[in-house]
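[1] Predicted structure and sequence below. I'll ask about it afterward.
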Amino acid sequence: MDLSTNYLGLKLRTPLVVSASPLSENLDDIKRMEDAGASAVVLYSVFEEQLRQDRLELHQRLEQGTHSTPEAMTYFPEPGEFRLGPEEYLRHIWRAKEATKIPIIASLNCSSVGGWTEYARQIQRAGADALELNIYHIPTDMDVPGEVLEESYLNILRAVRAEVKIPIAVKLSPFFSNFANMAKRFDEAGANGLVLFNRFYQPDIDLEDLEVKPNILLSTPMAMRLPLRWIAILHGKIKANLAATSGIHRASDALKMLLAGADVTMLCSTVIRHGFPQIAAIESDLKNWLEEHDYESVTQIKGSLSQKNCAEPAAFERAQYMKALTGYKNQT
């Protein structure tokens, strides 16, 4: 059984990739993921704010005391007196590459164009096989029109693309007026892959402390429906690879994504819930299903139920909405 797939120019043993999360903060855990069958690992994200803060902190430390006396103008702190978080991330990439044989994909979480983009070049030098740009932005300015926001997303990709030669995947939200058009524009701007979709973590209110607090909920299989639809619509229409993320908990979820046209399926919540052996369990069930249905490879099923190849293409558009409501009414 050939479970291999191609993603971002990388030949992966299976389509099962561990997505960016705290799971990858520990080198031993990355090794355990590889042993359990992960074909690649996306490291936890470095945030744009971290890069900006470290640059500001470095500048302040280098300038500290320089105007107190003439002699101080030639004084600089010893490098050991400050530690930059992003520097540790670069070392983590290097260690992960040394300790494993699977591709290691770095992750940058960003929201705007800025000097931080040069850090992508450092990620490349550290040995990352690819880079995932996780663009996470909540627009709240009522005077900024949608087209300006869309162009800012594309500018982030262009700025990072100018810094590196390694493949770039862009992790996006679905909240665009015409997502199909945006997918095409990202493809044309140099994205080697699109990761669908980013999960926006919503705030909550603590009724006892009367405070707004972050609220992180692990995904459920229901979350896969949105990326399933868009992967099916985009398959075969753009050059960029398609990665499915959110709601993939079982082999059946991964199979549906592959049938829709995904090149890889990303795992996170299910691994957090059930541990690293869940990766091997999903792979085993995936292989069994393919054997039972007389398939010899993942390639054979990839995109076979995409909109392009589906007997009823309208099933992914408005007709599905009407059919769903009508069908529900008939069941009541």
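    Received the coordinates, thanks. These figures come from a predicted structure and were not determined experimentally.
[2] Is Ser112 in contact with Glu48, as I believe?
    Yes: shown here, Ser112 and Glu48 form a contact pair, counting by Cβ atoms under 8 Å, at 6.9 Å. For the C-beta atoms, the positions are set from N, CA and C on the backbone; glycine is no exception.
[3] Compare the two and say which is more crowded by neighbours.
    More neighbours surround Glu48 than the other of Ser112 and Glu48, with 22 against 15 (other Cβ atoms under 10 Å).
[4] quick one: contacts for the more buried one?
    By Cβ atoms under 8 Å, 6 or more residues apart in numbering, the residues touching Glu48 are 108-112, 114, 116.
[5] Try it again at 7 Å.
    Residues in contact with Glu48 (Cβ atoms under 7 Å, 6 or more residues apart in numbering) are 109-112, 114, 116.
[6] so how far is Arg125 from it?
    Going from Glu48 to Arg125 by Cβ to Cβ, to the nearest Å gives 19 Å.
[7] do Leu210 as well
    On the measure of Cβ to Cβ, Leu210 and Arg125 end up 48 Å apart.
[8] which of these two has more neighbours?
    Comparing Leu210 with Arg125 by other Cβ under 10 Å, the one with more neighbours is Arg125, at 12 against 7.
[9] Report the spatially closest residue to that one, excluding sequence-adjacent ones.
    Leu90 (7.9 Å; Cβ to Cβ, 6 or more residues apart in numbering).
[10] which residues of the chain fall in helices?
    27-36, 48-63, 85-99, 119-126, 146-161, 179-188, 225-234, 251-260, 269-274, 277-292, 298-301, 318-331 (DSSP state H).
[11] Select, out of these, the one closest to Lys11.
    Nearest to Lys11, of all these, is helix 298-301, at 11.9 Å by Cβ to Cβ.
[12] That closest one packs against which elements?
    Judged by 3 or more Cβ pairs under 7 Å, 6 or more residues apart in numbering; DSSP states H and E, the packing partners of helix 298-301 are helix 251-260.
[13] which secondary structure elements does the helix it packs on contact?
    Applying 3+ Cβ pairs under 7 Å, 6+ apart, one finds that helix 251-260 makes contact with helix 225-234, strand 264-267, helix 277-292, helix 298-301.
[14] Just put these in a markdown table and tack on mean pLDDT, mean neighbour count and distance to Asp129.
    Below are the helices and strands packed on helix 251-260 laid out as a markdown table (pLDDT from 0 to 100; neighbours: other Cβ atoms under 10 Å; distance: least, Cβ to Cβ, whole Å):
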| stretch | mean pLDDT | mean neighbour count | distance to Asp129 |
| --- | --- | --- | --- |
| helix 225-234 | 96 | 22 | 22 |
| strand 264-267 | 98 | 27 | 13 |
| helix 277-292 | 98 | 17 | 19 |
| helix 298-301 | 97 | 16 | 20 |
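[15] Ser24: which of the ones you listed is closest?
    Closest approach to Ser24 among the helices and strands packed on helix 251-260 (Cβ to Cβ): strand 264-267, 12.0 Å.
[16] ok, now which ones touch Ser152?
    By Cβ under 7 Å, 6+ apart, Ser152 lies in contact with 112-113.
[17] Would you check how far apart it and Val41 are?
    Distance from Ser152 to Val41, counting by Cβ to Cβ: 29 Å.
[18] again, but for Leu8
    13 Å.
[19] Contact partners for Ala169?
    8, 130, 132, 191-195, 243.
[20] Tell me which of those fall in strands.
    130, 132, 193-195, 243 (DSSP state E).
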